[in-house]
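Chemist: Build the 3D model from these lines:
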Amino acid sequence: MPRKNSHDQNFKNLILDYPHQALAFFAPTEAREIDDSARITPLRQEQLKDRLGDRFRELDVPLLVEWPDGRREALLFMLEEESDPGRFSIHRLIHYCTDLSELLDTRRVVPVVIFLRSDARIPSQLSLGSERHSYLDFNYLACHLQRLPWLDHRDSDNLVARLNLPNMLWRADEKIEVYARAIQGLLALEPSMEKRLKYIDFIDIYTDLDDNQRQLYRSRYPREDNTMTTLTERLLDEGIRKGVEKGVRLGIEQGIEKGIEQGIEKGIEQGSQAMLLKLLTRRFGPLDAATLQRLQSAHGEELDRWAGNLLDARSLQEVFERH
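Modeler: Next up, the predicted model:
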């Protein structure tokens, strides 16, 4: 089943979660002097929307880089992701850069465009003028992911680069290794369990392994697969724990012992349902309405059985039918 994705939102999350590494990867020439002492702040969306009105684009990511010791003047990076080259407008980019320049009273603006797919027709600059003189010259930093050889980044210690290996240039027979290297980078460079699960989704979406390729991956990289299985189990347990806590709160609000007991039961079910939904979607893609309804109406033992089946099921059908 094909996945429905918001590429803009995927990349926005990536940039906001890892701003230093995102700038180092997407804008290396300008990011060389951005060390750990620099402070990177995403500009507040509410402020931009209030000031820019209809010109505001929610999915652009403006990052303000400041050096607390004052050795450099603040620098504004304006990052934009384009999954469809045909949507890109250099005129719109100019407008947005000048709007932000005026809003923040700065001329230190670096426009960066991340192209998920490349096209020779994408303009790299714009000059306005006459035969005698050019009155406006504009260019920007372009990161064409499909033009980057993945082998150049397969051992990178930059997590943003490792997560984007599937978006780079590779041969069809390298697909499983590309996926494995991205997973290995995530496990080695990201200690947070929740972020690991979040960015496994990112890797899955952009590698798009079919069932046969996924089986090959498991046979070739059993250690990584076992690590992810353990992570899945821990996340299921965490979902249940949070459900219990929510249930206790619900019961306390009702103020009686029976309410607490019922609240705990309901909280456990809700926690299990939510975590199972997330894991099923990651493994098999978006779920249809019938499957969603089945999850929402399921109870304790049934949810436990499906969670156990998920660990080694090869299809969505096996999750619900195996015993």
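Chemist: tally of neighbours for Met193?
Modeler: 12 (other Cβ atoms under 10 Å). Any C-beta I mention is one placed from the backbone N, CA and C, and that applies to glycine too.
Chemist: Tell me, what's the model's pLDDT at it?
Modeler: Reading off the confidence values, Met193 has pLDDT 85.
Chemist: again with Asn212
Modeler: For Asn212, the predicted pLDDT is 91.
Chemist: and Leu76, what helix or strand is that in?
Modeler: Element membership of Leu76 [criterion: DSSP states H and E] is strand 75-82.
Chemist: just checking, what packs against that strand?
Modeler: Strand 75-82 is packed against helix 7-17, helix 19-26, strand 61-66, helix 90-104, strand 109-115, with contacts defined by 3 or more Cβ pairs under 8 Å, 6 or more residues apart in numbering; DSSP states H and E.
Chemist: again, only this time at 6 Å
Modeler: The contact analysis (3 or more Cβ pairs under 6 Å, 6 or more residues apart in numbering; DSSP states H and E) places strand 75-82 against helix 7-17, strand 61-66, strand 109-115.
Chemist: CA atoms only for it - export them in PDB, please.
Modeler: C-alpha atoms of strand 75-82 as PDB (Å, rounded to 0.1, in the frame of the first residue of the first chain):
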ATOM      1  CA  LEU A  75      23.100  35.100  10.200                       C
ATOM      2  CA  LEU A  76      19.700  34.100   8.900                       C
ATOM      3  CA  PHE A  77      19.200  30.900   7.000                       C
ATOM      4  CA  MET A  78      16.000  30.400   5.000                       C
ATOM      5  CA  LEU A  79      15.600  26.700   4.200                       C
ATOM      6  CA  GLU A  80      13.000  25.500   1.800                       C
ATOM      7  CA  GLU A  81      12.300  21.900   0.600                       C
ATOM      8  CA  GLU A  82      11.000  21.200  -2.800                       C
END
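Chemist: That one pairs with which strands?
Modeler: According to DSSP bridges, strand 75-82 forms sheet pairs with strand 61-66 (antiparallel), strand 109-115 (parallel).
Chemist: which non-adjacent residue is nearest Arg147?
Modeler: Spatial nearest neighbour of Arg147, chain neighbours left out: Ser118 (5.7 Å); criterion: Cβ to Cβ, 6 or more residues apart in numbering.
Chemist: which ones are touching that neighbour?
Modeler: Going by Cβ atoms under 6 Å, 6 or more residues apart in numbering, Ser118 touches 144, 146-147.
Chemist: Out of those residues, which is nearest to Met168?
Modeler: Top of the list for closeness to Met168, among these and by Cβ to Cβ, is Gln146 at 7.0 Å.
Chemist: Just the buried residues of stretch 136-145, please?
Modeler: Neighbour-count burial for stretch 136-145 flags 138, 140-145 (criterion: 16 or more other Cβ atoms under 10 Å).
Chemist: Local confidence estimate at Gly247?
Modeler: Looking at Gly247, its pLDDT is 55.
Chemist: could you dump the strands paired with strand 75-82 to TSV with mean pLDDT, distance to Ser127 and mean neighbour count?
Modeler: Below are the strands paired with strand 75-82 laid out as TSV (pLDDT from 0 to 100; distance: least, Cβ to Cβ, whole Å; neighbours: other Cβ atoms under 10 Å):
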stretch	mean pLDDT	distance to Ser127	mean neighbour count
strand 61-66	93	25	20
strand 109-115	96	16	21
